[in-house]
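Colleague: Structure of the sequence below:
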Amino acid sequence: MNIAIIGAGPAGIEAASALASKHKVTIFEKEERPLSNIRDKAFLFPDFSSANDLANKLEAKIANENVTLQTSVEVLDIRRSDDKWTIVTDSNESLNFDYVIVATGYKIFDARKKEELGYGIYKGIITSIELEKMIKEHSILNNMNETPRQIVFLQCVGSRDEKSGNNYCSKVCCVTAVKQAIEIKKQHPETEVFIYYMDLRMWGEGFEEMYREAQEKYGITFVRGRISEASSTFDKRVQIKAEDTLLGTPLTMNCDLLVLMVGMCASEGTSKLCKNLGINGLYGFADSKSPHIEDNLTTMPGVFVAGSCKRPMCINDTINDARSAAITILNYTK
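Modeller: Numbering: from 1, shown residues only. All right, here's what the predicted structure looks like:
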């Protein structure tokens, strides 16, 4: 059997690794290198292990003669051709496969859509992805190239938000903010760190312990509240206006960096391909046949889905879901 996998993130790589012992697999990736959504991270929660080490281990798993990796290739369409599925690429290739796994991953929410938060308008307002790069490079600086005295995190930017059109929880933002806050304190113990949240969803093993350690060991301040507006000050800092929803009082404070914890959205590739296939679900994500025992199947026989193209997932869940997709195909082809 020949199997096509669309996307070389952790889901696509893990599924290919599991299938390659019995089948020929071709992975299509539009970026120049696989696993870009892991390689842009510094450390992983909750054990603070190296993201790059994990990416290297995953990539090594497809060093197999049965796996072909095509990078810088975008899949434009997936069509049914008799008893095969035809993959149409941006290089005008049409290739036939017996089965297809859609593992197109996610994109981050565009924080510019929340104009009141000032991203792209005022300096000193960044996203969690941009902060992760600073942490990775050991270069956490404000817009004046100074070590920040105060850093504020804002949760749920583009998630659980009717105004942005995304009512769902992105699942990983809460723990990512805690992880990044701890990393800041490790590099700059003198920096004050505040996390504004609606409610904290520390759902994974070791996550609640990490949250407690953030308070007790690192002195990170958690504020239950929402920031309604952010702007620049005369001394090039960031002023935020918010409400403390526990006390029911408004508050104003200045900081050197405002970090917007941007949520996970369906990628353009996911939305387009799934719409063409008729397997598009809520918010542009892929729709599986059932969220329970048929979560890797779709209503299109021979087309499977894996990972965060279906909904927000952490890396562990993504890898486990990819293994599930591979097992589903192995059973399906018997």
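
Colleague: contacts, neighbours, all on C-alpha from now
Modeller: OK.

Colleague: Contacts only, for D40.
Modeller: 129, 132-133 (C-alpha atoms under 8 Å, 6 or more residues apart in numbering).

Colleague: Longest helix in the protein, please.
Modeller: helix 315-332 (DSSP state H).

Colleague: how about the CA coordinates for that helix, as CSV?
Modeller: What follows is helix 315-332, C-alpha atoms only, in CSV (Å, rounded to 0.1, in the frame of the first residue of the first chain):
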residue,chain,number,x,y,z
ILE,A,315,2.5,17.5,21.7
ASN,A,316,1.9,14.4,23.8
ASP,A,317,-1.7,14.1,22.7
THR,A,318,-0.7,14.8,19.1
ILE,A,319,1.9,11.9,19.1
ASN,A,320,-0.6,9.5,20.7
ASP,A,321,-3.3,10.5,18.2
ALA,A,322,-0.9,9.8,15.3
ARG,A,323,-0.2,6.4,16.7
SER,A,324,-3.9,5.8,16.9
ALA,A,325,-4.3,6.9,13.2
ALA,A,326,-1.5,4.4,12.2
ILE,A,327,-3.2,1.5,14.0
THR,A,328,-6.5,2.5,12.5
ILE,A,329,-5.0,2.2,9.0
LEU,A,330,-3.2,-1.0,9.7
ASN,A,331,-6.5,-2.6,10.9
TYR,A,332,-8.3,-0.9,8.0
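
Colleague: quick one: secondary structure of E205?
Modeller: coil (DSSP: H, G, I helix; E, B strand; the rest coil).

Colleague: Relative to F45, how far out is it?
Modeller: Going from E205 to F45 by C-alpha to C-alpha, to the nearest Å gives 10 Å.

Colleague: Those two: which has the busier surroundings?
Modeller: Neighbours were counted for E205 and for F45 using other C-alpha atoms under 10 Å; F45 has more, 21 against 10.

Colleague: Low-confidence regions, the stretch 201-334 of the chain specifically.
Modeller: In the predicted model of the stretch 201-334 of the chain, residues 333-334 satisfy pLDDT under 70.

Colleague: let's see 50
Modeller: Where the stretch 201-334 of the chain drops to pLDDT under 50, the residues are 334.

Colleague: For it, which segments are assigned as helices?
Modeller: 207-216, 268-277, 315-332 (DSSP state H, counting those that start in this stretch).

Colleague: cool, the stretch 51-200 of the chain as well?
Modeller: Counting by DSSP H, counting those that start in this stretch, the helices of the stretch 51-200 of the chain are 51-60, 128-136, 173-187.

Colleague: Go through those and name the closest to E243.
Modeller: helix 173-187 (18.9 Å; C-alpha to C-alpha).

Colleague: Residues touching the closest one, excluding its own?
Modeller: Contacts for helix 173-187 (C-alpha under 8 Å, 6+ apart): 45-46, 48, 128, 132, 135, 138, 140, 153, 155-156, 191, 193, 195, 200-202, 207, 210-211, 214, 218, 220, 261-263.

Colleague: Also stretch 263-283?
Modeller: 76-79, 102, 104-109, 156-159, 166, 169-170, 173, 284-288, 298-300, 309, 311-312.

Colleague: If we use 7 Å, what do you get?
Modeller: Stretch 263-283 is touched from outside by 77-78, 104-109, 156-159, 170, 173, 284-287, 298-299, 309, 312, with contacts defined as C-alpha atoms under 7 Å, 6 or more residues apart in numbering.
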